[in-house]
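[1] the sequence isn't on hand, but the structure is:
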């Protein structure tokens, strides 16, 4: 196996494809699941790819629609994957949602549906978590399901609480992400979409904002963290939502085939990424590697 | 207070309004909540109205979208209200749904979301209740919320179970009723609509059948129980859904003002009932009563 120092990789790309748009990208926004790992298993050589980009002077940030984990949870996950990160490298939908609400109304009173990771990020953003729905200015919904698909015990009353905050107290309705279902060991499990669907049906009302991909909100927060313009950055993901979010923002889009969606499926949805690779290491690899 | 024997009432109606369509009605389908009672409190003189209709030779049946109670539960409720009934007088959405599925596929394997009353009716209809979603031919959903708006402990895994039965096992999707929210002491609580909304959003799929009002299914079952044609019957209710179900079937529609919806609201929805009265006793009452 040949080692590709970053200068070499970049030289090879330049020679093979002069004006290669990936060379112009100063920042890379990586989706996590299906791109860097599958669950707890790393995608081969993904840590190496991240390290080489960083050594080549590229800025790297990680985004995820995960609505149940905090950045603290993800720092531990990345450590297990062998990718060193600090909290500022991570833009999860929990964190991004907290930032979105805190920017719109600092210190707002929030009634939440979801997991401890979401609660942690809302509190860290200086928001005031309320248990009385009638006091809420915002309803923030993430997934209330645990890893087996059960509604968490501490969330059994929260669909009703959210309904009351929206119906009686006129709260704003913000969802961490629009994901509908996820594969799991024993079959699919519901995502945050289950709660969006329940509340939307009951109230005949869409959320005021959905923060995760394919919405632009989470990408805007990642870009502002990078301090770069969309056209200076690439988004690297395994799903239609990653590509859509990137295209909406005018970023370079890079599809990897290491995740849940086939390239065929992606293209059948009418989405043409700027680049497609088998995995993130392939993105940096010249012929013969 | 004047007592109105049925013969007298009918004579008065005839004199006041020759050809009065209510006189022609041989059967009366009564909604329960808002018409005969409000929660556990009877609407004044409702038991008397029912008794007089029966004595006058009219057939009477009771329908309700309630998705958590069995007919056994309702016999006890009617006893407390002072209206004598047997199981055959009651067409609840739990019972009607069980009948609908059992007619479509006798003995079908059903995965249910909902309360013990629904389970009881499904079992009484000879359906086979399964706990493994992958074995299900039908998913039947009622409300999984208790009276305080908490998801029942024994339903914490059932949204996921229903999702899996629909997604993996290709089960048919039947809902007891489409109700969205109900008023309760501490604020609104979700109806079966919360589950319909959650599953529909996740699967981008509507239910194959919704049995309760304003659907015709529950009314058809009530009519077949009465053994009468729709044009021989009136539906008496306090909601738009009662009037819509009646109009769709070609029945006489009677709105009562004793329930949750004002007549103004009803008419603002573009629904014109054939008759409107303050309460069921007024329906039988001549001037001067």
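    Received it, and whenever you're ready, just let me know what you need. For clarity, every value in this text was computed on a predicted model and none was experimentally measured.
[2] report the contact partners of the closest residue to residue A:67 other than its chain neighbours.
    Once flanking residues are discounted, residue A:67 sits nearest to residue A:142: 3.4 Å by C-beta to C-beta, 6 or more residues apart in numbering or on different chains. Bear in mind the C-beta positions are built from the backbone N, C-alpha and C, glycine included. Residues near residue A:142 by C-beta atoms under 8 Å, 6 or more residues apart in numbering or on different chains: A:67-68, A:93-94, A:97, A:112-115, A:118, A:175-177, A:192, A:195.
[3] go again with 10 Å.
    By C-beta atoms under 10 Å, 6 or more residues apart in numbering or on different chains, residue A:142 lies in contact with A:65-69, A:93-94, A:97, A:112-115, A:117-119, A:121-122, A:155, A:175-177, A:191-192, A:195, A:211-212.
[4] helix, strand or coil for residue A:246?
    At residue A:246 the chain is in helix, as set by DSSP: H, G, I helix; E, B strand; the rest coil.
[5] so how far is residue A:259 from it?
    Using C-beta to C-beta, to the nearest Å, residue A:246 is found at 15 Å from residue A:259.
[6] swap in residue A:76?
    In this view, residue A:76 and residue A:259 are 22 Å apart by C-beta to C-beta.
[7] the more surrounded of those two?
    residue A:259 (21 against 10; other C-beta atoms under 10 Å in any protein chain shown).
[8] where does pLDDT dip in chain A?
    A:1-21, A:286-289 (pLDDT under 70).
[9] give me every residue that touches the most centrally placed residue in it.
    Residue closest to the mean C-alpha point of chain A, counted by C-alpha atoms, centre = their mean, is residue A:64 at 2.0 Å. Listed by C-beta under 10 Å, 6+ apart, the contact set of residue A:64 reads A:30-33, A:35-36, A:74, A:77, A:90-96, A:177, A:212-213, A:218.
[10] list the residues that contact residue A:63.
    Listed by C-beta under 10 Å, 6+ apart, the contact set of residue A:63 reads A:29-32, A:90-93, A:95-96, A:212-213, A:218-219, A:221-222, A:225, A:235-237, A:242, A:245.
[11] do the same with residue A:270
    residue A:240.
[12] and it, that one's in a strand?
    No: read with three-state DSSP, residue A:270 is coil and lies in no strand.
[13] got phi/psi on it?
    In terms of degrees, to the nearest 10, the main-chain angles of residue A:270 are phi 80, psi 20.
[14] sec struct for the nearest residue to residue A:58 once chain neighbours are set aside, please.
    Nearest non-adjacent residue to residue A:58, counting by C-beta to C-beta, 6+ apart: residue A:28, 5.8 Å away. When classified by three-state DSSP, residue A:28 comes out as strand.
[15] can you verify my assumption that residue A:176 contacts residue A:139?
    No: Residue A:176 lies out of contact with residue A:139 (C-beta atoms under 10 Å); the separation is 11.5 Å.
[16] restricted to strands, list the contacts of residue A:63.
    Per DSSP state E, strands hold the following members of those: A:29-31, A:90-92, A:235-237.
[17] same list, those, but as CSV with distance to residue B:205 please.
    Below are the ones in strands among the contacts of residue A:63 laid out as CSV (distance: C-beta to C-beta, whole Å):
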residue, distance to residue B:205
A:29, 33
A:30, 33
A:31, 27
A:90, 35
A:91, 32
A:92, 30
A:235, 30
A:236, 32
A:237, 26
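[18] a markdown table please, covering those and showing distance to chain B and neighbour count.
    Formatted as a markdown table, the ones in strands among the contacts of residue A:63 follow (distance: C-beta to the nearest C-beta, whole Å; neighbours: other C-beta atoms under 10 Å in any protein chain shown):
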| residue | distance to chain B | neighbour count |
| --- | --- | --- |
| A:29 | 27 | 30 |
| A:30 | 27 | 26 |
| A:31 | 21 | 23 |
| A:90 | 27 | 26 |
| A:91 | 25 | 26 |
| A:92 | 22 | 29 |
| A:235 | 25 | 30 |
| A:236 | 27 | 29 |
| A:237 | 21 | 27 |
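[19] just give me the closest of the residues you listed to residue B:264.
    Among the ones in strands among the contacts of residue A:63, residue A:92 lies closest to residue B:264 (C-beta to C-beta), at 48.6 Å.
[20] show me the contacts for that closest one.
    So residue A:92 contacts A:32, A:62-71, A:73-74, A:98, A:117-118, A:121, A:176-177, A:211-212, A:218 (C-beta under 10 Å, 6+ apart).
[21] redo that, cut-off 7 Å
    If you count contacts by C-beta atoms under 7 Å, 6 or more residues apart in numbering or on different chains, residue A:92 has them with A:64, A:66, A:69, A:71, A:74.
[22] equivalent analysis for residue A:95, please.
    For residue A:95, the contact set (C-beta under 7 Å, 6+ apart) comprises A:71, A:121.
[23] burial measure for the spatially closest residue to residue A:26 that is not a sequence neighbour, as a count.
    Leaving aside its sequence neighbours, residue A:26 sits nearest to residue A:232 (C-beta to C-beta, 6+ apart; 4.6 Å). As a burial measure, residue A:232 scores 16 neighbours (other C-beta under 10 Å).
[24] show me what residue A:139 is bridged to.
    Beta-bridge pairing of residue A:139 under DSSP bridges involves residue A:111, residue A:173.
[25] any idea how far chain B is from it?
    Applying C-beta to the nearest C-beta, to the nearest Å, the value for residue A:139 to chain B is 14 Å.
[26] partners of the residue nearest to the centre of chain A in the sheet?
    residue A:92.
[27] tell me the spacing between it and chain B.
    Distance from residue A:64 to chain B, by C-beta to the nearest C-beta: 20 Å.
[28] now for the helix or strand hosting residue A:160, which elements pack on it?
    Counting by DSSP states H and E, the element that carries residue A:160 is helix A:158-167. Secondary-structure packing of helix A:158-167 (3 or more C-beta pairs under 7 Å, 6 or more residues apart in numbering or on different chains; DSSP states H and E): strand A:109-113, strand A:138-141, helix A:193-203, strand B:189-190.
[29] so who does the closest residue to chain B within the stretch 51-200 of chain A touch?
    Residue nearest to chain B within the stretch 51-200 of chain A (C-beta to the nearest C-beta): residue A:197, separated by 2.5 Å. Neighbouring residues of residue A:197 by C-beta under 7 Å, 6+ apart: B:197-198, B:200-202.
[30] what does the stretch 151-289 of chain A have sitting close to chain B?
    Applying C-beta under 7 Å from any C-beta of the partner chain, we find that the stretch 151-289 of chain A lies next to chain B at A:151, A:156-157, A:159-160, A:163-164, A:167-168, A:180-181, A:187-190, A:193-194, A:196-198, A:200-202.
[31] can you tell me which of the residues you listed are buried?
    A:151, A:156-157, A:159-160, A:163-164, A:167, A:180-181, A:187-190, A:193-194, A:196-198, A:200-202 (16 or more other C-beta atoms under 10 Å in any protein chain shown).
[32] can you tell me the closest non-neighbouring residue to residue A:147?
    Of all residues not flanking residue A:147 in the chain, residue A:184 sits nearest, at 7.0 Å (C-beta to C-beta, 6+ apart).
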